[in-house]
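Novice: sequence plus predicted model, see below.
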Amino acid sequence: MSIFEIIMLICFGAAWPVSILKSWNSRTNNGKSLFFLLIVLTGYVAGILHKIFYNYDMVILLYMVNFTMITIDLFVYYRNSKLDMEEAAA
């Protein structure tokens, strides 16, 4: 278990609730990148797999929390995409 890995995951994890809330309240995807979200999600999957196969410890919980928050952000992204299309059609 590395204190630096823990700090990194906590810092990254602190940003996701802010991103989710901003996306939820704005009701638009302006300034949001699906590609970015998928890249970061892939990175967390790689981190989880590394923990499972090579270095299992409790830090995996931080990876899973961050993965969950990005997944929530993706659901909000798709909701906002629908709202953006409805507004464009109106």
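Specialist: The structure has been received and is ready for your questions.

Novice: center of this structure - which residue?
Specialist: residue 70 (1.9 Å; C-alpha atoms, centre = their mean).

Novice: for that one, give me its contacts.
Specialist: Taking C-beta atoms under 8 Å, 6 or more residues apart in numbering, we find residue 70 in contact with 16, 37, 40, 41, 44. Just so you know, the C-beta spots here come from the backbone N, C-alpha and C atoms, and that holds for glycine as well.

Novice: what helix or strand is it on?
Specialist: If you go by DSSP states H and E, residue 70 is part of helix 60-89.

Novice: the contacts of residue 70 in helices, which ones?
Specialist: If you go by DSSP state H, the contacts of residue 70 have 16, 37, 40, 41, 44 in helices.

Novice: what sits against the second one?
Specialist: Read that as residue 37. Contacts of residue 37 by C-beta under 8 Å, 6+ apart are 70, 73, 74, 77.

Novice: and the two most separated of the residues you listed?
Specialist: Greatest spatial distance in the contacts of residue 37: 70 and 77, 10.0 Å, computed using C-beta to C-beta.

Novice: of the contacts of residue 37, grab the buried ones for PyMOL.
Specialist: To isolate the buried members of those in PyMOL, using 16 or more other C-beta atoms under 10 Å:
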select buried, resi 70+73+74+77
